[in-house]
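> have a look at this prediction, sequence included:
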Amino acid sequence: MRALTRGRRAFTAAALTAATAVLSGAAGLVVVGGSGPARAAGGAVVLDEGELDLTPRLVAGELQLQIDDRSGDTVVTREPSTVVLHAVQESLQTTLSPVASALGTTDMDTWQLNGWESADLFAPEPGWKGTEAGGDTEVTLAGYDGPGDFGLATYTREMDSSDIPAQARLGSTAAAPRSFTLSGGQERVAPTWVFTAEGVYRLTFRVTSGGATDTETLAVVVGDDVDPADVLPGDGSTPTATPTDPAPTSPSPTAPAAHVVSEGHVDMAARPVDGRLEFQFKEGTETRHEWYEPGKVVLHVRPAAKRRIPQGYEFLGGAGDAVWWLPLQQKAGLLWPGWNTQAYATNDLDGRIAFRLDSVQGPGNVAMFYDDSLGVPVVSLNSGDGLPDAHTLRPGTHSHFNWAFTAEGVYRTTFTVSATLADGTKVSDTETFAWVVGDDVDPGTVPPGAGDEPTATPTATPSGTPTASAPASVSPTAPDSAAPSASHGVNSPGPQGGSVTAGGDGHGTGPSSSGALASTGVSGAVLAAVAVATVLAGGGAVLLARVRRRRTAP
């Protein structure tokens, strides 16, 4: 039985007796304010990436718990009650079963700092340092307030290959201990911090060494439901200075109204309209959707798409550099862009439909790719090595790929879609999509379509109409013989590697050199089988990789 149920849980003096009884004799959690004089009002420092250590140390003969912030060029010592720690949305990842068992919490996806995907993320890396307290230090969770469970646990590859279970350091559930000992010789220990729900947490830590004690409260914002800049630090009782907001700006009255899409399933589709081919934009599922002209929408790649470039993806930049990555698998809160030719039947066309990327305007490069069965990236479109690039699809199919943008800002991608009708008539349409990457620009202020940014550097658009049978920069993969059944709504290997779908909702999930079939939304067992052929090395589909992509957690 858990000591704390889901929902808001705050330990107060009035509830301490009942909480202690539920904990079956374990020390109760008491919310205690930060020691020492009250801090002056002022803006809190938001720590949302980089290495930091919670360090008990002797200051003028007194024990103090401080934070050594190494996220910048120099180490800055901060008081916990003056900062807000932000577990960014991209820290949401699969919870390893040993960690969930040790903490007595969910094995569903959780927000993790120092988690198994931490090497690929821009997120805080909080540790504990024990060498400055003059001896061993007992660290106790003395108070807790938050919308979900919280815990610290250590799990490594060495434990994975032995009988040693994950080590729970402390946590808010009945199964987790309330304290751990930080050795006086411990330069740094970095357990995984686990949070099971989005929202604001207030973690009150008490450190004790040699009879001296200090108690501090750390505010943590998990996910993106709450802006950390709006959260009071510490126990929430210290006001922060309220900056004067600048006068709101509005889009130019002459700018065309745009439909901004920031998350969920969307398709770039070739459709027959009055004997012509039209390139259109679909938002939603097969049974519930809306159609738009590309020049009427703005696609927003949210900050949660930011991650580090993995080894082996040097076509995006240096390993460890930032990239804004929309994964091939659907990820909550992000766009899931696909390609759709389901409005055409095979006998409508002579050959395939070509999607050619003619030009990119923007602050960085745009790439579209997938991973083969060995986890090696296969690049279909990449503005970084010259354009035009193209990929083709058979009629009646649906495909998804990884997309990556190498810098924040406004992009304009111009595509020409072309095909040859069964009677020999060549048809094509050229449209431009506007994208806003990151949060430096409000997507609601960006005109859709071609735009007029003076700093944009377009790639020269080639003349003529692309030929579906001879696209540029296309990597051949699985043969067309692995055709899907229109009556089953299943995925099969696409001609350019992204999975294609006929019938049903049509949500492709990835390439498969073995011809294995899977449908979107199926059970974890089916997805695990598909993962054998589709190792997303560095991709966003963490639910496929519970075992295959396990990494060492500090």
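Now that the structure is in, tell me what you want to look at. Numbers count the residues shown, from 1 in each chain.

> and for F355, the neighbour number?
27 (other Cβ atoms under 10 Å). The C-beta positions use only the backbone N, C-alpha and C, and glycine is treated the same way.

> what packs against the host helix or strand of it?
Assigned by DSSP states H and E, F355 falls within strand 353-361. For strand 353-361, the elements it packs on are strand 264-273, strand 389-393, strand 409-420, judged by 3 or more Cβ pairs under 8 Å, 6 or more residues apart in numbering; DSSP states H and E.

> and the second one, what's its mean pLDDT?
Rounded to a whole number, the mean pLDDT of strand 389-393 is 95.

> next structured bit after it?
Next element after strand 389-393 (DSSP H and E): strand 398-400.

> by contact count, what packs against that following strand?
By 3+ Cβ pairs under 8 Å, 6+ apart, strand 398-400 packs against strand 335-340, strand 500-501.

> what lines up beside that strand in the sheet?
Strand pairing for strand 398-400, using DSSP bridges, gives strand 335-340 (antiparallel).

> what angle do the partner strand and strand 409-420 make?
10 degrees (axes from the mean of the first three to the mean of the last three Cα atoms, to 10 degrees).

> show me where the stretch 1-150 of the chain has strands.
For the stretch 1-150 of the chain, applying DSSP state E, counting those that start in this stretch gives strands covering 9-10, 45-47, 50-59, 62-69, 76-78, 83-87, 92-93, 110-113, 124-128, 137-146, 150-154.

> of all those strands, which lies closest to P377?
Of all those, it is strand 92-93 that lies closest to P377, at 20.8 Å by Cβ to Cβ.

> what secondary structure does N347 sit in?
Secondary structure assignment for N347 (DSSP: H, G, I helix; E, B strand; the rest coil): helix.

> so who does it touch?
Counting by Cβ atoms under 8 Å, 6 or more residues apart in numbering, N347 makes contact with A422.

> for V84, see how far away it is.
N347 sits 61 Å away from V84, going by Cβ to Cβ, to the nearest Å.

> cool, S383 as well?
37 Å.

> what number of residues lie near the nearest residue to A44 once chain neighbours are set aside?
Spatially, and ignoring its direct neighbours in sequence, A44 is nearest to P233 (3.9 Å; Cβ to Cβ, 6 or more residues apart in numbering). For P233, the count of nearby residues is 28 (other Cβ under 10 Å).

> list the contacts of P233.
By Cβ under 8 Å, 6+ apart, P233 lies in contact with 44, 81-84, 219, 240.

> repeat that with 6 Å
Contacts for P233 (Cβ atoms under 6 Å, 6 or more residues apart in numbering) come out as 44, 81-84, 219.

> now restrict these to buried residues only.
Among these, those classed as buried by 16 or more other Cβ atoms under 10 Å are 44, 81-84, 219.

> now render the residues you listed as a markdown table, adding distance to R302 and pLDDT.
Supplementary listing: the buried ones among the contacts of P233 in a markdown table, determined by distance: Cβ to Cβ, whole Å; pLDDT from 0 to 100:
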| residue | distance to R302 | pLDDT |
| --- | --- | --- |
| A44 | 23 | 85 |
| S81 | 30 | 92 |
| T82 | 28 | 93 |
| V83 | 24 | 94 |
| V84 | 20 | 95 |
| A219 | 23 | 96 |
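
> and which of the residues you listed is nearest Y313?
Nearest member of the buried ones among the contacts of P233 to Y313, counting by Cβ to Cβ, is V84, at 32.2 Å.

> circling back to that earlier point, out of the strands of the stretch 1-150 of the chain, which is closest to L334?
strand 92-93 (10.8 Å).

> just checking: what are the partner strands of that closest one?
Here, using DSSP bridges, strand 92-93 pairs with strand 110-113 (antiparallel).

> could you pull out the helices in the protein for me?
Listed in chain order, the helices of the chain (DSSP state H) span 16-22, 97-103, 157-160, 524-533.

> show me what the closest residue in space to E117 that isn't next to it in sequence bridges to in the sheet.
Spatial nearest neighbour of E117, chain neighbours left out: Q93 (4.8 Å); criterion: Cβ to Cβ, 6+ apart. Counting by DSSP bridges, Q93 is bridged to T110.

> confidence score at Q93?
For Q93, pLDDT reads 89.

> thought it was touching G115?
Yes. If you go by Cβ atoms under 6 Å, Q93 and G115 touch, sitting 5.4 Å apart.

> the two: who's more crowded?
G115 (27 against 22).

> correct me, but that one touches T95?
No. The pair G115 and T95 fails to qualify as a contact (Cβ under 6 Å) at a distance of 8.5 Å.

> tell me the bridge partners for I67.
L54, R78.

> next one: V323
R307.

> count the neighbours of it for me.
There are 22 residues near V323, going by other Cβ under 10 Å.

> export the strands of the stretch 1-150 of the chain to TSV and tack on distance to P310?
Below are the strands of the stretch 1-150 of the chain laid out as TSV (distance: least, Cβ to Cβ, whole Å):
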stretch	distance to P310
strand 9-10	37
strand 45-47	24
strand 50-59	19
strand 62-69	27
strand 76-78	30
strand 83-87	21
strand 92-93	15
strand 110-113	18
strand 124-128	17
strand 137-146	32
strand 150-154	24
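
> which of these sits closest to R412?
strand 92-93 (30.4 Å).

> picking up where we left off before, can you give me the pLDDT of the residue nearest to A44?
94.

> any idea how far it lies from V83?
In terms of Cβ to Cβ, P233 sits 6 Å off from V83.

> which neighbours do these two share?
A44.

> which residues touch L335?
Here L335 is in contact with L326 (criterion: Cβ under 6 Å, 6+ apart).

> quickly list what it is bridged to.
Under the criterion used (DSSP bridges), L335 bridges to G264.

> just the angle between the strand holding F355 and strand 335-340, please?
Using the same axes, to 10 degrees: strand 353-361 against strand 335-340 is 140 degrees.

> just for the stretch 201-350 of the chain, where's the confidence low?
In the predicted model, the stretch 201-350 of the chain carries pLDDT under 70 at residues 238-257.

> do a quick rundown of the strands in it.
With strands called from DSSP E, counting those that start in this stretch, the stretch 201-350 of the chain shows them at 212-222, 259-261, 264-273, 276-284, 289-292, 297-301, 306-308, 322-326, 335-340.

> could I get these as CSV with distance to M108?
Formatted as CSV, the strands of the stretch 201-350 of the chain follow (distance: least, Cβ to Cβ, whole Å):
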stretch, distance to M108
strand 212-222, 14
strand 259-261, 27
strand 264-273, 21
strand 276-284, 26
strand 289-292, 28
strand 297-301, 26
strand 306-308, 21
strand 322-326, 23
strand 335-340, 20
